[in-house]
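J.: Mind folding the following:
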Amino acid sequence: MPLLPETVRRADALVAQAQSTGRAPSLVLGVVRDGTLAHLAAAGDHPRPDADLQYRLGSISKTMTATLVMQERDAGRLGLDDPLERHLSGTPVGALTLRQLLGHAGGLQREPDGQWWERTEGGDLATLVAGLTPDKIAYPPHRAYHYSNLAYGLLGGVLERITGTPWAELTRKRLLVPLGMHRTTYDATEPYARGYVVHPWHDTLREEPRTDTGAMAPAGQLWSTVADLARWAAFLADPTPAVLAPETLTEMCAPVVISDLDSWTGGHGLGVELYREGDRVYVGHGGSMPGYVAALAVHRPSRTAVVGYANAYGLRSAHLGGLARQLLTLVLDTEPEPVTPWRPAAAPPAGELAELTGRWWWMGVEFEFRADPAGELWAGRVGEPVLRFTPEAPDRWRGRTGAQDGEILTVVRDEAGRAVALDIATFVFTRTPDQEP
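T.: Numbers count the residues shown, from 1 in each chain. Just a heads-up that it's a prediction; the model follows:
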């Protein structure tokens with residue numbers, strides 16, 4: 001769905017101003033709606049951005065590493081509460097769990113030993129592990145949020161040990177190819193934007209090295225385009241079940257730790273950052289590598305996102321991630337939400353589902369239960385059937401949303417076999433308000 005002209009004007013102005021005052025050689029933000037790239041706002045001409053121009057993803061690569069870990073969890077080959085030692089033996093930080101590493105809640109220091117890994121050709125996994133010491137745990141686990149690039153290098157090592165496949169190849173086969181992200185690559189592939197540091201006094205450019213970060217690649221190696229990152233944003237909004245179960249992605253987006261204990265405006269899930277903007281929560285990640293910054297912000301309920309890049313190591317007057325979230329809020333505030341057309345059901349519900357529809361009462365309050373064409377039971381106060389139940393067995397349904405998520409609905413029957421009450425986790429609903437629960 002294309003954006004309204006006024007939204008386009010404001011988006012383009014926002015990006016133009018940020019590029020000018022931030023002194024970025026080029027800057028681009030893409031708006032994603034309902035799975036497609038709806039608008040590209042670009043500024044600067046060194047080079048002129050387009051949807052197919054590669055920039056470096058930086059730490060947005062971590063969201064893909066985390067997705068691979070969750071695939072392995074769903075396949076039963078690891079558990080999130082497994083200690084690192086179980087899958088990557090011989091490290092002095094092996095008591096930390098995979099969950100703690102994914103959520104930056106293990107207290108692990110931010111960087112590996114040696115030179116700045118982002119600007120240095122990287123070594124192999126054995127070298128990374130050999131460089132670990134017990135004092136790499138900066139804080140007791142769960143004491144505080146502490147962002148760690150090192151954690152994701154180790155998670156990449158776990159993936160390689162379990163699958164027998166290098167992280168880069170695993171990412172390509174499991175994520176990039178199935179999602180059609182053919183312009184997302186391990187190394188820069190033309191056309192790509194060169195990355196720079198802008199001199200603070202005379203505005204000249206110093207081109208930065210494009211390193212192979214080796215065993216630290218799972219923390220920030222990948223290159224991508226606006227078009228491909230839009231596909232990844234669409235996946236985070238509404239995942240392809242063949243790649244990752246939707247409920248697993250929802251699990252990834254639940255807070256593991258709050259990173260801002262004063263105002264609770266930010267946190268971290270299992271590989272994704274969480275940002276509160278007013279009454280909305282966005283998921284995504286920021287990214288930076290020498291010469292580049294990148295941004296990814298997704299509002300999952302509306303399937304709307306903003307992705308973007310600049311080929312400078314930071315903006316002088318803004319933060320690219322904050323700029324992306326500002327544009328995302330603008331789009332959500334000004335654009336009408338897509339409306340799904342109502343379509344009639346092919347046939348009325350049958351069996352137990354039909355029997356349970358209608359009005360039920362609890363503590364003097366009237367509720368309605370409706371049949372969904374997919375065979376689910378929707379329930380809630382009259383006019384608000386927001387709770388969803390799926391059948392598990394005769395007279396047994398499982399809650400899938402809201403306060404009843406995971407709870408059991410049991411159908412209570414009289415001697416004649418008629419459904420006379422619904423027991424939802426000990427809260428009993430009856431057909432009339434004066435019937436004893």
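J.: measure Asp203 to Gln435 for me?
T.: Here the criterion is Cβ to Cβ, to the nearest Å. By it, Asp203 lies 78 Å from Gln435. In this view, the C-beta of every residue, glycine as well, is placed from N, C-alpha and C.
J.: Which strand residues bridge the nearest residue to Thr204 once chain neighbours are set aside?
T.: Once its chain neighbours are removed from consideration, Thr204 has its nearest residue in Val198; the separation is 7.7 Å (Cβ to Cβ, 6 or more residues apart in numbering). Counting by DSSP bridges, Val198 is bridged to Leu205.
J.: I figured Val198 hits Gln19, correct?
T.: No - if you go by Cβ atoms under 8 Å, Val198 and Gln19 don't touch, sitting 11.7 Å apart.
J.: So the two - more neighbours on which side?
T.: A count of neighbours by other Cβ atoms under 10 Å puts Gln19 above the other of Val198 and Gln19, at 25 against 19.
J.: Next up, the contacts around the nearest residue in space to Phe367 that is not next to it in sequence.
T.: On the basis of Cβ to Cβ, 6+ apart, the spatially nearest residue to Phe367 that is not a chain neighbour turns out to be Trp360, at 5.0 Å. If a contact means Cβ atoms under 8 Å, 6 or more residues apart in numbering, then Trp360 has Glu366, Phe367, Glu368, Phe369, Ala379, Leu422, Phe429, Thr430, Arg431 as its contacts.
J.: what about stretch 341-360, average pLDDT?
T.: Mean pLDDT, computed over stretch 341-360, is 92.
J.: And it, how far out from the chain middle?
T.: 34 Å (Cα atoms, centre = their mean, to the nearest Å).
J.: So which bits of that stretch are buried?
T.: Pro349, Leu353, Leu356, Thr357, Trp360 (16 or more other Cβ atoms under 10 Å).
J.: Pipe those into a markdown table and attach distance to Thr67 and secondary structure per row.
T.: Converted to a markdown table, the buried residues of stretch 341-360 look like this (distance: Cβ to Cβ, whole Å; DSSP: H, G, I helix; E, B strand; the rest coil):
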| residue | distance to Thr67 | secondary structure |
| --- | --- | --- |
| Pro349 | 37 | coil |
| Leu353 | 35 | helix |
| Leu356 | 37 | helix |
| Thr357 | 38 | coil |
| Trp360 | 40 | strand |
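J.: Turn those residues into CSV, columns for distance to Ala217.
T.: Supplementary listing: the buried residues of stretch 341-360 in CSV, determined by distance: Cβ to Cβ, whole Å:
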residue, distance to Ala217
Pro349, 52
Leu353, 50
Leu356, 52
Thr357, 54
Trp360, 55
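J.: Please identify which of those residues is nearest to Ser61.
T.: When the buried residues of stretch 341-360 are ranked by distance to Ser61 (Cβ to Cβ), Leu353 comes first, at 44.9 Å.
J.: Touching, that closest one and Pro373? I think so.
T.: No - proximity of Leu353 to Pro373 does not meet the contact threshold set by Cβ under 8 Å, at 10.4 Å.
J.: coming back round to it: mind checking which of the contacts of Trp360 land in strands?
T.: Of the contacts of Trp360, the ones assigned to strands by DSSP state E are Glu366, Phe367, Glu368, Phe369, Ala379, Leu422, Phe429, Thr430.
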